[in-house]
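Colleague: 3D model of this:
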Amino acid sequence: MQEYMQLATKSSAYTSLMLISFLGMKENIVTREAFDWVLSGSDVVRATLIFARLSNDIVGYEFEKGRDYIPSAIECYTEEHNVSKQEAIDEFRTQIESAWKDINDTFLKPTKFPTPILDRILNWARTLEIFYDKEDRYTHVGPEMQSFIKQLFIYPLP
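Modeller: Reported below is the predicted structural model:
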């Protein structure tokens, strides 16, 4: 499972998307040091990657199972620990909860990076929660996700 998580979090686009979210920010806020900090796998970044990967694997399990693809976290965990799918999901939900605590903990401690950088990482985690809280809305964009997009871009609050 450790090997899976190392590969799955590094091969996902989540880190790249976090870094892309820094583009367009003021130069005095985003420095090379900030990019290096994200790439080094700081606690908040690692927690966000764990949250993202496990959330995606939970809601995308059935869909991904039908494809010729690498094993999911659920398959790796059930085989490694000889447990049921539900027990694996329960364990992942515990890990997701712990990841959220780590993300929140970052905001309670002083850091050398400006809050707007941390906000980008937090907002990325919040966005992923919308994508993966009940179903895989990233892969399967349905009416509920379309409604979210309309609320943001077509009918925003004043």
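Colleague: Check the residue most central in space within the chain and give its pLDDT.
Modeller: Nearest to the geometric centre of the chain sits A52, at 2.4 Å (CA atoms, centre = their mean). Listed pLDDT for A52 reads 90.
Colleague: Please give the element, helix or strand, for it.
Modeller: helix 43-65 (DSSP states H and E).
Colleague: For that helix, buried residues please.
Modeller: Of the residues in helix 43-65, 44-61, 64 count as buried by neighbour count, 16 or more other CB atoms under 10 Å. All C-beta spots, glycine's among them, are computed from the backbone N, C-alpha and C.
Colleague: repeat for stretch 109-119
Modeller: Quick answer for stretch 109-119 (16+ other CB under 10 Å): 113, 117-118.
Colleague: starting at the chain centroid, how far to the one helix or strand L19 maps to?
Modeller: Following DSSP H and E, one finds L19 within helix 14-20. The gap between where helix 14-20 is centred and where its chain is centred comes out at 10 Å by CA atoms, centre = their mean, to the nearest Å.
Colleague: cool, and stretch 146-158?
Modeller: 23 Å.
Colleague: Over to stretch 70-87?
Modeller: Distance of stretch 70-87 from its chain centroid, counting by CA atoms, centre = their mean, is 20 Å.
Colleague: With stretch 62-78 instead?
Modeller: For stretch 62-78, the distance to the chain centre is 18 Å (CA atoms, centre = their mean).
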